[in-house]
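Q: Starting from these lines, generate the structure:
(one chain, ligands or ions: 3)
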Amino acid sequence: MVRRVEAQQQKANNWLIPGDETTLELTIGYEQVAVDLTAWIARHEPDPYLRQVYEFGVLEDFDHLYRYSNLYELLEGKHANWIVGDLTEITPGRPTIFEHRHPADEIRRPMTAVASDPQSILNALTVMSAEQQTMNYYMTIGNRFIEPIARGLYAEIGMIEEQHVSHYESILDPSATWIENLLFHELNECWIYYSFMQTEPDPRVKQLYETHLAFEIEHLHIAAELMREVERRDPEALLPKSLDHVMTFEENKHWVRQVLDSQVQLTSRDSDFVPVSSLPQDDRYFAYNSQVNAGGTPSEEVIDMNRQANGRDYRLETEGDNPVEGLRLGGDGRTRGYSDRHPGLHA
Ligand SMILES: [Fe+2]
Ligand SMILES: [Fe+2]
Ligand SMILES: [Fe+2]
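A: Numbering: from 1, shown residues only. Ligands and ions are numbered 1, 2, ... in the order given. Sure thing, here's the model as predicted:
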């Protein structure tokens, strides 16, 4: 019964997205959301390892925003600045070409539900859901283009979104019971609707969030009751007494720049984050990465194609040049370049 209601809510929310937006415009919206949602979450994450997990991920979606914005100019002749507004810059992040990692290096260390801060659980569920939705969206619409470069770019970035889902899903406590998971999912929905209610300027949309919040409070009661009845556990002992933060979409430009500058050179090895330069030449990262990129990579080709069409790549750098020297434009209008192994190690 609860699931039926959740399915209705999902339609009501998703149908708010304007029907006259193109697939690519919505895609750029998804990546902008990924950047600013993950940035807010990272800034409000109490656990240092988990904060690192979010900082690592945000640079990758930030780069996707740049790649898709170039595809947008190439195919539709428009600039993505009207979509991102004053909130988010568009410039290379950790280049997508370097994001292709061996699956064994995408699994993180889980938190324990009992010992973790409730905010950490809400953060993980929120970002994981956004990544899941993004992955599903690219899987569904990536084949709706006729241009090979667009089909390739969606296929490539769609694979990275699977990495992101695994990356965020694996920080959750794997020993939590089904009912515990249900309880926290409902709490998470309450928190999100409550947060959006606080900041939504359109009264009709705000009313929708308020109505859905009322649904979720009831779902939370049902989950709590189920836990008492089936597991003979006390849900009050698991739930936080209060939630201190309201999630807000806001500008994170300087924060993103600082993370980019200091962490572009990181990759992951098992569940750790390490500079690429610390890996031995025969590491599985290089073997996997070079095999995936053999024969050309759409995320690089789209930039070359747009540069050929418009004489430059598309960027929206409102706060100055890209903080990473290798990602700035050189005198010839091309990105200065990465070292043969990784950017941030200046060419
Ligand atoms: Fe992304
Ligand atoms: Fe992502
Ligand atoms: Fe719910």
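Q: can stretch 131-142 be found next to ligand 1?
A: No: Stretch 131-142 lies apart from ligand 1 when judged by CB under 5 Å from the ion; the minimum separation is 6.0 Å. (Glycine included, C-beta is placed from N, CA and C.)
Q: Buried residues, that stretch. List them.
A: 131-135, 137-138, 142 (16 or more other CB atoms under 10 Å).
Q: and the helix or strand where residue 225 lies, is it in reach of ligand 3?
A: Here residue 225, judged by DSSP states H and E, is contained in helix 203-226. Yes: counting by CB under 5 Å from the ion, ligand 3 has neighbours in helix 203-226: 216, 219.
Q: what's in contact with the helix or strand that that helix is followed by?
A: Using DSSP H and E, the next helix or strand after helix 203-226 towards the C-terminus is helix 235-238. The contact list for helix 235-238 (CB atoms under 8 Å, 6 or more residues apart in numbering) reads 113, 180, 183-184, 223-224, 227-228.
Q: could you say what helices and strands the helix or strand following helix 235-238 packs with?
A: For helix 235-238, the succeeding helix or strand toward the C-terminus, using DSSP H and E, is helix 253-263. The contact analysis (3 or more CB pairs under 8 Å, 6 or more residues apart in numbering; DSSP states H and E) places helix 253-263 against helix 23-43, helix 48-76.
Q: Take these and lay them out in CSV including distance to ligand 1.
A: Putting those into CSV (distance: least, CB to the ion, whole Å) gives the following:
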stretch, distance to ligand 1
helix 23-43, 5
helix 48-76, 4
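Q: Any chance of the ones you listed in a markdown table with distance to residue 279 as columns?
A: What follows is the helices and strands packed on helix 253-263, written out as a markdown table (distance: least, CB to CB, whole Å):
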| stretch | distance to residue 279 |
| --- | --- |
| helix 23-43 | 24 |
| helix 48-76 | 16 |
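Q: Could you dump those helices into a markdown table with distance to residue 13 and mean neighbour count added?
A: Below are the helices and strands packed on helix 253-263 laid out as a markdown table (distance: least, CB to CB, whole Å; neighbours: other CB atoms under 10 Å):
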| stretch | distance to residue 13 | mean neighbour count |
| --- | --- | --- |
| helix 23-43 | 13 | 22 |
| helix 48-76 | 21 | 23 |
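Q: Please convert those helices to a markdown table, extending it with mean pLDDT and distance to residue 87.
A: Converted to a markdown table, the helices and strands packed on helix 253-263 look like this (pLDDT from 0 to 100; distance: least, CB to CB, whole Å):
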| stretch | mean pLDDT | distance to residue 87 |
| --- | --- | --- |
| helix 23-43 | 98 | 6 |
| helix 48-76 | 98 | 11 |
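Q: Beyond the helix or strand containing residue 290, next helix or strand please.
A: Per DSSP H and E, residue 290 falls inside helix 284-293. Once the chain leaves helix 284-293, the next helix or strand it forms, by DSSP H and E, is helix 298-310.
Q: Determine if any part of that following helix is in contact with ligand 1.
A: No: Helix 298-310 is not in contact with ligand 1 by CB under 5 Å from the ion; minimum separation 10.8 Å.
Q: average pLDDT across the helix holding residue 290?
A: For helix 284-293, mean pLDDT rounds to 93.
Q: Of all the helices and strands packed on helix 253-263, which one is nearest ligand 3?
A: Among these, the nearest to ligand 3 by CB to the ion is helix 23-43 (19.3 Å).
Q: relative to helix 253-263, how tilted is that closest one?
A: Counting by axes from the mean of the first three to the mean of the last three CA atoms, to 10 degrees, helix 23-43 lies at 80 degrees to helix 253-263.
Q: what packs against helix 23-43?
A: helix 48-76, helix 81-84, helix 118-141, helix 253-263.
Q: how about JSON lines for the ones you listed, with distance to ligand 3 added?
A: Putting the helices and strands packed on helix 23-43 into JSON lines (distance: least, CB to the ion, whole Å) gives the following:
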{"stretch": "helix 48-76", "distance to ligand 3": "24"}
{"stretch": "helix 81-84", "distance to ligand 3": "30"}
{"stretch": "helix 118-141", "distance to ligand 3": "12"}
{"stretch": "helix 253-263", "distance to ligand 3": "31"}
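Q: How far does the helix holding residue 225 sit from its chain's centre?
A: Offset of helix 203-226 from its chain centre (CA atoms, centre = their mean, to the nearest Å): 25 Å.
Q: Which positions within it qualify as buried?
A: Buried residues in helix 203-226 (16+ other CB under 10 Å): 208-209, 212-213, 215-216, 219-220, 223-224, 226.
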